[in-house]
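Engineer: show me how the following folds:
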Amino acid sequence: MSHPHVTSTRHRWQQALLAGVGGGLAVGLLVCETENLQWPLLLGSFGSSAVIVFGFPDSGFSKARNVVGAHVLCVFIGLLCLKLLGPAWWSAGLAVGLCIAAMIGTRVVHPPAGSNPLLVFALKPGWLFLISPALLGSLALVLLAWAWRRLAPHHRHET
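Structural biologist: Numbers count the residues shown, from 1 in each chain. Next comes the predicted model:
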């Protein structure tokens, strides 16, 4: 009979490895498709999103509406602030603050999306950035996480 601590530690590492493999595969596929299609499906914040959706799939932050909604909302706010206010330090800070308030107010909180305005200010993209990578990439990440959970149904992270 194994010791409960050993079983718990083994289980935690099994779940951690499943989350790491799933998240790594998902982000790798987004990179691959971005390169193959020359259609951007990747935001830097998706790495943090993968930690949440693969590592903590039962968290409210992992809900599809939160992941997709927050990424699109925060890219929109970032673009709006950049276009209307220009690339000043204070407009970038305002954009992040507005994202925090908007995510909480609309109940689509996904913390990694809070970095999206900073990506917008760094890259200075056009409005199509809302569709690709924000919408299409976050949808792809959510769908890949959903598929991974179907392939590894015993995957549940315990805190």
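Engineer: where does the prediction get shaky in the chain?
Structural biologist: 1-7, 153-159 (pLDDT under 70).
Engineer: repeat that for 90
Structural biologist: Of all residues in the chain, those with pLDDT under 90 make up the ranges 1-8, 10-11, 34-42, 44, 151-159.
Engineer: which element is Ile100 on?
Structural biologist: Per DSSP states H and E, Ile100 falls inside helix 89-106.
Engineer: buried stuff in stretch 34-41?
Structural biologist: 34, 40-41 (16 or more other CB atoms under 10 Å). No exception for glycine: its C-beta is placed from N, CA and C like everyone else's.
Engineer: before we move on, what about stretch 72-85?
Structural biologist: 72-82.
Engineer: select the longest helix from the protein.
Structural biologist: Longest helix in the chain by number of residues (criterion: DSSP state H): helix 4-37.
Engineer: moving C-terminal of that one, what's the next helix or strand?
Structural biologist: Next along from helix 4-37, by DSSP H and E: helix 46-55.
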